[in-house]
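Peer 1: okay, structure incoming, though there's no sequence with it:
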């Protein structure tokens, strides 16, 4: 190195995904390669490299870190400054800075990398069959971090002191475990135990894993403490064991996810297209909905009854990889929780809450800082659509064109997630679930406070749903003095606009179950014209009554009765051969119609799908959300008819009403004439796609946003995208942000920021 008089000092402050991805080791090696001296450290804002050397070397170094950065990293900004050179003669990674706001990006938990996979199956490697093996390229991140900066002392791995060999790797710049915060080995890291009863240890370490496989083969249910919480495992070919799990979880019909040993195995049980394969083998390793093959002997029909698709995932942790390799067959892997409660993260809580469900507990002693469920995706219109955003995705930020700093949001009541605004970034949390229990409410509140703590956010504005009875609305009142209530479907549209950086004006097609409208009625089949100043409801589906209110969401036959009553008034019973009511129940519904009691009207597209599912005899009652619509979609996939039912438009002041009366009459006529249910279901889908197209043409807008839970329906979404493109429109639909209520928090954040920008 030349004399200090020839040196230049430059301080690089790098922000983005630069912690937990091997970025500091990369910076260290790059600086060493260019002959630079100085220090490298983490800070709550990112990574700081305070370096000295020849000016040409500093410039080449900066170019290198911008173009050759580690694959998991993402640089948002490099801010540089200069200073006087110092009398130094070394290059070091030093203790992290702790002052400042948290603007660095916390990485999601990452699936095991190929190098670590080789380690755990290499008999000569000291981490052979060690289920907590990781490096800077893989392993836990979000589920173990307590606070920034991302250093071991700020994670749950602080409970484990590194042995000499791990410490040597940790401090060796040439090692891929250089500053890998969760690094551990069998001598110093977390360990497995197999529990039974009230926590009696029957096996430990590798013996626990071997015994777990034996128990699975014998039909037992295993509660496994995974990366972000507990999973319930059972042999996926054992019909009796799966049925027993269904009874214990009060889950008679909802499909279970399945973990398979390999991508080749996945292709044996499902039709795996290239896009689905890419999702399955990605670093996020989500549950991916794939069409099952007609003859699948290796899976019980009880895994996904009456369903054309199976949620498939590959093993994504060393523990799962060892288990699935040893077992060699698929297992059901479903969330370890009770209904309406978040996934359990603590082994002692699991003993209490999963008693009567699990027979044995495969646990470990690495604490989980925050619950993170498995993510779920589906390929729609050739791109990955996130249905449940959690492990592998959360809490990666969504970049905003608006300043959302200091704004937080509580999302919806169902499929809840929360969001925190930092600068022009929205940090959308992992899936929390329905806020129907005190545990779920506590999880939502804790998740929000955890994100605020990580990013040093003190909320000054809180956004929530317009509905005053949603649990999130109560939670919002506790967060800040300023609360912004956002209409449900407006939030849906904004969430998709933000995700794709779409500017106003747009026509938003927001179709879902229900959401409170600005007029106090229940919306759900909306066409919203969104401008810079807000939104206007320009069109809507014709309304119909829901006898029993919320009960209609669980009983499609009630939606069918409401549709028939809307069409035929008191004569509705004459047409009610299909809704599936007994004589006594029909009299009860008739009395509700007569008295107009507990019978709100709705424009809901989701409830209209339910009504058609009931009118065609597919589904009268449901045991999980969306069951009727899923059956209708899968039935429609059996047909390739291209015809459509008639419908028309009527004007209701400034709002255009889509009158579906002729469509329902056509469905009933086809049913009476013996037309196949798949043909009826497909014709219904074709009609709803045409409705979208014709309203788009009347709107005069080019950009069309498709959002809401109904667009999880592949047939509807792909049909709408294709039809709109063919007519010259530019359609947008969800990818990284769920179209269902899991994306509401992002839209609420955007709405509050828009208000603030306008000074409202």
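Peer 2: Done, it's in. Note that the structure is predicted; figures quoted are calculated from it, not measured.

Peer 1: what are the buried residues along the helix or strand where residue 267 lies?
Peer 2: For residue 267, the element it lies in under DSSP states H and E is helix 263-269. Neighbour counts using 16 or more other CB atoms under 10 Å place 265, 266, 267, 269 of helix 263-269 among the buried residues. Yep, even glycine has a C-beta here, placed from its N, CA and C like the rest.

Peer 1: okay but residue 348 is in contact with residue 198, surely?
Peer 2: No. With contact defined as CB atoms under 8 Å, residue 348 does not reach residue 198; the gap is 9.8 Å.

Peer 1: quick one, what contacts the residue nearest the centre of the chain?
Peer 2: The residue lying closest to the centre of the chain (CA atoms, centre = their mean) is residue 389, at 1.2 Å. Residues in contact with residue 389 (CB atoms under 8 Å, 6 or more residues apart in numbering) are 375, 417, 428, 430, 431, 736, 737, 738, 742.

Peer 1: please parse this protein into its domains.
Peer 2: In the domain annotation for the chain, the residue ranges read 4-93, 192-364, 539-732 (automatic domain parsing).

Peer 1: what's the closest of these to residue 478?
Peer 2: Judged by CB to CB, the one of those that comes nearest to residue 478 is domain 192-364, at 19.2 Å.

Peer 1: hang on, the earlier thing: make JSON lines out of the buried residues of helix 263-269 and add distance to residue 547 and pLDDT.
Peer 2: As requested, those are arranged in JSON lines below (distance: CB to CB, whole Å; pLDDT from 0 to 100):
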{"residue": "265", "distance to residue 547": "47", "pLDDT": "94"}
{"residue": "266", "distance to residue 547": "44", "pLDDT": "95"}
{"residue": "267", "distance to residue 547": "46", "pLDDT": "94"}
{"residue": "269", "distance to residue 547": "41", "pLDDT": "93"}
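
Peer 1: got a markdown table for those residues, with distance to residue 657 too?
Peer 2: Rendered in a markdown table, the data for the buried residues of helix 263-269 read as follows (distance: CB to CB, whole Å):
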| residue | distance to residue 657 |
| --- | --- |
| 265 | 51 |
| 266 | 46 |
| 267 | 47 |
| 269 | 46 |
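
Peer 1: I'd like to know which of these is nearest to residue 55.
Peer 2: For the buried residues of helix 263-269, the nearest to residue 55 is residue 266 (53.4 Å; CB to CB).

Peer 1: I figured the closest one hits residue 311, correct?
Peer 2: No. The pair residue 266 and residue 311 does not pass the contact test of CB under 8 Å, sitting 11.1 Å apart.

Peer 1: what do these two both touch?
Peer 2: Once CB under 8 Å, 6+ apart is applied, the residues that residue 266 and residue 311 both contact turn out to be residue 290.

Peer 1: about what we covered before: any idea how far the residue nearest to the centre of the chain lies from residue 258?
Peer 2: Here residue 389 is placed at a distance of 20 Å from residue 258 (CB to CB, to the nearest Å).

Peer 1: residue 166 too?
Peer 2: Distance of residue 166 to residue 258, computed by CB to CB: 35 Å.

Peer 1: between those two, who's got more neighbours?
Peer 2: Here residue 166 and residue 258 are compared on neighbour count by other CB atoms under 10 Å; more neighbours surround residue 258, at 27 against 21.

Peer 1: so that one, which of the three states?
Peer 2: Remark: residue 258 carries the secondary structure label strand [criterion: DSSP: H, G, I helix; E, B strand; the rest coil].

Peer 1: right, and it touches residue 300 too?
Peer 2: No. With contacts counted by CB under 8 Å, residue 258 stays clear of residue 300, the gap being 9.9 Å.

Peer 1: any common contacting residues for these two?
Peer 2: Here residue 258 and residue 300 have residue 236 as joint contacts, going by CB under 8 Å, 6+ apart.

Peer 1: please work out how many residues are found near residue 218.
Peer 2: For residue 218, the tally of surrounding residues (other CB under 10 Å) stands at 11.

Peer 1: one more: the one 10 residues further on?
Peer 2: Look at residue 228: counted by other CB under 10 Å, it has 26 neighbours.

Peer 1: cool, residue 172 as well?
Peer 2: The tally of other residues near residue 172 (other CB under 10 Å) stands at 13.

Peer 1: identify the residues contacting it.
Peer 2: With contacts taken as CB under 8 Å, 6+ apart, residue 172 has the following neighbours: residue 178.

Peer 1: phi, psi of it?
Peer 2: phi -100, psi 110 (degrees, to the nearest 10).

Peer 1: surely residue 409 meets residue 464?
Peer 2: Yes. With contact defined as CB under 8 Å, residue 409 reaches residue 464; the gap is 6.7 Å.

Peer 1: spit out the residues that contact those two alike.
Peer 2: When contacts are counted by CB under 8 Å, 6+ apart, the set common to residue 409 and residue 464 consists of 486, 748.

Peer 1: which of these two has more neighbours?
Peer 2: Here residue 409 and residue 464 are set side by side on neighbour count (other CB under 10 Å), and the busier one is residue 409, at 35 against 30.

Peer 1: tell me the one among the contacts of residue 389 nearest to residue 355.
Peer 2: Nearest to residue 355 among these is residue 431, at 24.9 Å by CB to CB.

Peer 1: residues near the closest one, how many?
Peer 2: A count of neighbours around residue 431, defined by other CB under 10 Å, yields 28.

Peer 1: any idea where the helices of the stretch 101-250 of the chain begin and end?
Peer 2: Along the stretch 101-250 of the chain, the segments classed as helices by DSSP state H, counting those that start in this stretch run 114-120, 164-170, 205-217, 239-249.

Peer 1: now those as TSV including distance to residue 50 and mean pLDDT?
Peer 2: Conversion of the helices of the stretch 101-250 of the chain to TSV gives the following (distance: least, CB to CB, whole Å; pLDDT from 0 to 100):
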stretch	distance to residue 50	mean pLDDT
helix 114-120	31	97
helix 164-170	22	96
helix 205-217	44	98
helix 239-249	55	95
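
Peer 1: sweet, I'm off.
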